[in-house]
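**Student:** Give me a 3D structure for the following:
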Amino acid sequence: MHKLKLSILLLIFLILFFANSTSSAYAYTRIEAENAVNSAHAVIIECYKSVADTQRAGANVTGLLDRLNEAGEVYSRAVSAYKSGDYNLTVSLADECQNMLGNFVESANGLKEEAVRHGQWAFMINFVGSIIGSVSIVVAGFSLWMLLKRKRTVRGRKIRVEDYSALFWVVTFVAALLVASPALSKVLVYPRTEFFTELWILDENHRAEDYPFNITEHDNYTIYLGIGNHLGYCAYYTVQVKFRNQTQPEPIRFGPIEKRIPSNLTSLFNITAFVADEHIWEAPLTFSIDYTYNTNLSRIDFRSLKLNGVTLDLSSYIAKWNATRKGCYGFLFFELWLYNDVDSQFKYHGRFVGLWLNMTVS
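**Tutor:** Below is the predicted model of the structure:
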C-alpha cells in the first residue's frame with residue numbers, strides 16, 4: 001500500500017514536470033504572434049473609442065488615459081518584438097497589454113453615465129435655473145415699478161418715480177443679465193476655428209537649448225517628446241521613430257498638412273500615445289547608438305539603436321564622412337501619425353521633429 005502511494009505521487013510529479021517543461025519550451029509561430037498583436041490592438045481600439053465617448057460626455061478621463069497609455073507602451077514593445085522575430089515575447093507582451101485593460105470599457109461607461117447625469121443637473125441648474133431667475137427679476141422689477149407709480153409716497157415723502165426710471169430699469173436689467181450669465185455663456189461662446197496638433201522635443205533639462213549632438217558610442221542621451229492635442233476630441237497617435245543619413249529621404253516639410261508626405265524609410269519603433277482634447281502628453285526618451293568607424297571606407301557602420309531599453313536594428317545604415325561639415329551624421333526623427341476612425345487606420349499627420357547627431361570617433 002505504501003509503495004502504491006509512492007508510485008502515484010511519483011507519477012503525478014512526472015506529469016506536472018513534463019507539462020511544465022513542455023509549456024516552457026513551447027515556441028509560438030509567426031501566425032500566433034501576429035494574431036496576439038492584432039487581438040491586443042482590437043482591445044486598444046475598443047478602449048480608445050469608449051474613452052473618447054466618455055470625454056465627449058464631459059467626464060474627466062485622465063485616469064483612464066493613464067491606463068491606456070501604459071497599455072499602449074506594452075503594445076508598442078509587443079509590435080517591436082514581433083518585428084524582431086521574438087514571437088514568444090510578442091505573445092507575452094500582447095497578453096499583458098490585454099490584461100492591463102481588463103474592465104476598462106465598463107469603467108469608461110460608468111464614468112460616462114455619471115457625466116451624463118451630472119450634465120443634466122448642471123443644465124437644469126445653470127441654464128434653466130438662470131433663465132427662470134432672470135425672468136423672475138424682470139417680472140419682479142416690473143411689479144415693483146407699477147407699485148411705486150401708484151403709491152407716489154415713500155416714508156411720508158412725495159416722489160416722482162419717473163425721475164428714477166432710467167436708474168431703476170438699468171439696475172433691474174443688469175441684475176437680470178448677471179443671473180442669466182450661466183445660460184448666456186452656453187449660447188454666446190465663440191466657436192473654435194483652429195484644430196491642430198503640436199509636436200516637440202526638449203533636452204534632458206526640459207528646455208529647447210542643450211540638445212544632444214556629438215554622440216559617443218554606447219553613451220546614453222535623454223530627450224523629451226511631447227504632443228499637444230487641440231483637435232477637439234480625444235486622439236490616438238502613433239509616433240514612428242526613424243533614422244536616416246544625409247542622403248536618405250526625409251518627410252516633406254512644406255505645403256498643406258494633408259498633402260505632406262512621410263519618409264519612405266521603415267519605422268524602427270512605434271510610440272503609442274492617447275491624448276485628451278486640450279491636453280498634452282510627454283514622455284522621456286533615453287537612447288544610445290552602437291556603431292563602428294570603418295577606416296578604409298571613411299564611414300560609420302551602425303549596429304543598433306537602443307531606445308528606452310528596446311534594442312532596434314540599424315545594421316543596414318551607414319553614414320559617410322562629410323568633408324564640408326567634418327563629421328559622420330545621422331538624423332533621428334519622429335513622425336506623427338493620427339488614427340482615423342472612419343478608415344480605421346493611421347494617417348500621416350504632417351508633422352515631424354528630429355535631431356542631427358554627429359557620431360564621434362575616439
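
**Student:** ok, Ser298 - contacts?
**Tutor:** Counting by CB atoms under 8 Å, 6 or more residues apart in numbering, Ser298 touches 320-321. No exception for glycine: its C-beta is placed from N, CA and C like everyone else's.

**Student:** try Tyr291
**Tutor:** Here Tyr291 is in contact with 217, 300-303, 314, 359 (CB under 8 Å, 6+ apart).

**Student:** And the pLDDT for Lys186?
**Tutor:** Per-residue confidence for Lys186 comes out at a pLDDT of 59.

**Student:** Over to Ile125?
**Tutor:** At Ile125, pLDDT is 58.

**Student:** Also Gly110?
**Tutor:** Looking at Gly110, the pLDDT reads 91.

**Student:** secondary structure element for it?
**Tutor:** Using DSSP states H and E, Gly110 sits in helix 104-122.

**Student:** Pretty sure Asp313 sits against Phe243.
**Tutor:** No. Assessed by CB atoms under 8 Å, Asp313 is found out of contact with Phe243, at 10.4 Å.

**Student:** Helices of the stretch 1-150 of the chain, residue ranges please.
**Tutor:** Ranges of helices in the stretch 1-150 of the chain, per DSSP state H, counting those that start in this stretch, are 2-25, 30-56, 62-84, 87-100, 104-122, 129-151.

**Student:** quick one: low-confidence parts of the chain?
**Tutor:** Applying pLDDT under 70 to the chain picks out residues 1-25, 115, 118-130, 141-142, 145, 147-165, 168-169, 176, 179-193, 362.

**Student:** same thing but at 80, please
**Tutor:** Confidence mapping of the chain against pLDDT under 80 gives the ranges 1-26, 115-193, 361-362.

**Student:** Break it into its domains for me.
**Tutor:** For the chain, the domain assignment from automatic domain parsing gives the residue ranges 2-102, 112-187, 196-359.

**Student:** and the last one, how far from the chain's centre?
**Tutor:** Right, the one you point to is domain 196-359. 17 Å (CA atoms, centre = their mean, to the nearest Å).

**Student:** how far does that domain stretch from start to finish?
**Tutor:** Chord length of domain 196-359, first to last residue, is 35 Å (CA to CA, to the nearest Å).

**Student:** do stretch 209-222 as well
**Tutor:** OK, stretch 209-222 end separation, CA to CA: 13 Å.

**Student:** For this structure, which residue occupies the most central location?
**Tutor:** The residue lying closest to the centre of the chain (CA atoms, centre = their mean) is Phe274, at 2.4 Å.

**Student:** Give me the sheet partners of whichever helix or strand that one is part of and which way each runs.
**Tutor:** Assigning secondary structure by DSSP H and E places Phe274 in strand 269-275. Note on strand 269-275: by DSSP bridges, its sheet partners are strand 235-244 (antiparallel).
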